[in-house]
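J.: Would you be able to build a 3D model of this:
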Amino acid sequence: MKMRVCSLSWIIAGFMVVWQARWFRPLAFAHSEAYISPSCQAAALGSNPGEDDLAKCKRSLPVYMLKAARGDRRQALQRWAQTLRWRCQIDDDGIVSRPNPNYFRIQPHYPTYLHLPDKEGRTTYWELLGRIDMAGLHREGITVDDIRENYVWQTLFTWDVWLKRDGAAEGTIIVDMQGFSLSMLTPRLIQMFVRTSSLIQRHFPEREHVLIVINAPEWWGRMYDLFGPLFPESQRQKLRVCVDKDKSLQTLTEFIDVRNIPRVYGGTGDPLGSAPADVLKRKLAAKGMQPSRKP
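T.: Numbering: from 1, shown residues only. Coordinates of the predicted model:
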């Protein structure tokens, strides 16, 4: 009797984890020896997986990878295979199942939030860049690797848990630069930006609907000249930059209903941190998920 490909992949997935560990620095999350994730099963299909076989592993080719490959299915499948290997290596299911105590050490000094949806129902992600405190992170003993790993945890929570692995889902990103100064552009901060942006470009491309920078300083152009090349042209085309508060609110209301914009930004909505997505994120960061695993 012919076995399903994903059943066969269970046999060799463990070998792949060991082999990949030679080439990738593992994150600070341990694999569960008793569980082989769907991502590891799919990764075992190799660098040119068949779409039917991926579907059997419950890791079908997502829309965002196809968009990133400009409709080229072969290229999209190859990129997806690379991401599946990365997901297997970091134990994607395990990361979001376990607590993430570093979230609570990082959040006060680098505030980020999932908030209420935009007008089209997309989850909004708010990053308060002007309130980043690298000295505070240093006092907490937080390294650039810690920040990257926390970023991976938050990203997997957003797409895998909150949005339930919806491969077509997009997000609206708001970056608040109120209070950001040129003196904050330290080599450590630049290194952090480079490492997180490269990770997103490689494994979560084309997932943003629009990137809105609000309360940008007058010298924004110089910063854009520095960091703009880090992002592909498709992302730069989605960028909206607002220098003053009035323009910031005008642009926010173009995409987000005023009742979903926090009052501090000129809307009538609840504060950042109160949305159901963010409440659940804090709960899982503190306690993790229930022991049972679901593909």
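J.: Could you verify my assumption that residue 278 touches residue 112?
T.: No. Using CB atoms under 8 Å, residue 278 makes no contact with residue 112, being 9.3 Å away. For the C-beta atoms, the positions are set from N, CA and C on the backbone; glycine is no exception.
J.: all helices for the stretch 51-200 of the chain, in order.
T.: Using DSSP state H, counting those that start in this stretch, the helices found in the stretch 51-200 of the chain span residues 51-56, 63-68, 73-90, 92-97, 102-106, 134-139, 144-156, 187-203.
J.: Just put the ones you listed in CSV and tack on mean pLDDT, mean neighbour count and distance to residue 174.
T.: CSV is the format used below for those (pLDDT from 0 to 100; neighbours: other CB atoms under 10 Å; distance: least, CB to CB, whole Å):
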stretch, mean pLDDT, mean neighbour count, distance to residue 174
helix 51-56, 97, 16, 33
helix 63-68, 96, 20, 20
helix 73-90, 97, 20, 26
helix 92-97, 94, 21, 23
helix 102-106, 98, 18, 19
helix 134-139, 94, 14, 21
helix 144-156, 95, 19, 15
helix 187-203, 88, 15, 16
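J.: Save the ones you listed as JSON lines, and put in distance to residue 251 too.
T.: Below are the helices of the stretch 51-200 of the chain laid out as JSON lines (distance: least, CB to CB, whole Å):
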{"stretch": "helix 51-56", "distance to residue 251": "39"}
{"stretch": "helix 63-68", "distance to residue 251": "24"}
{"stretch": "helix 73-90", "distance to residue 251": "32"}
{"stretch": "helix 92-97", "distance to residue 251": "32"}
{"stretch": "helix 102-106", "distance to residue 251": "28"}
{"stretch": "helix 134-139", "distance to residue 251": "28"}
{"stretch": "helix 144-156", "distance to residue 251": "24"}
{"stretch": "helix 187-203", "distance to residue 251": "22"}
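J.: out of those, nearest to residue 240?
T.: Nearest to residue 240 among the helices of the stretch 51-200 of the chain is helix 187-203 (18.0 Å), distances taken as CB to CB.
J.: ok, now which ones touch residue 258?
T.: 267, 268, 269 (CB atoms under 8 Å, 6 or more residues apart in numbering).
J.: let me redo that: residue 131
T.: Residue 131 touches 110, 111, 176, 178, 179, counting by CB under 8 Å, 6+ apart.
J.: Tally up the residues packed near the residue nearest to residue 239 when sequence neighbours are not counted, please.
T.: Excluding its sequence neighbours, the residue lying closest to residue 239 (CB to CB, 6 or more residues apart in numbering) is residue 211, at 5.1 Å. When counting by other CB atoms under 10 Å, one arrives at 20 neighbours for residue 211.
J.: Give me the local confidence score for residue 211.
T.: Turning to residue 211, the model gives it a pLDDT of 93.
J.: List the contacts of it.
T.: 173, 175, 235, 238, 239, 240.
J.: let's see 6 Å
T.: Residue 211 makes contacts with 173, 238, 239, as judged by CB atoms under 6 Å, 6 or more residues apart in numbering.
J.: what do you get for residue 67?
T.: When contacts are taken as CB under 6 Å, 6+ apart, residue 67 is in contact with residue 206.
J.: May I ask you to confirm that the residue nearest to residue 239 belongs to a helix?
T.: No. Counting by DSSP: H, G, I helix; E, B strand; the rest coil, residue 211 is not part of a helix but strand.
J.: hmm, back to that, of the helices of the stretch 51-200 of the chain, which is nearest residue 256?
T.: helix 144-156 (20.4 Å).
J.: can you give me how far that closest one is from the chain middle?
T.: 8 Å (CA atoms, centre = their mean, to the nearest Å).
J.: What lies in contact with that helix?
T.: 27-28, 92, 95-96, 100, 102-103, 106, 191-192, 195-196.
J.: what angle do it and helix 73-90 make?
T.: 120 degrees (axes from the mean of the first three to the mean of the last three CA atoms, to 10 degrees).
J.: how many degrees apart are helix 144-156 and helix 187-203 in direction?
T.: Using the same axes, to 10 degrees: helix 144-156 against helix 187-203 is 40 degrees.
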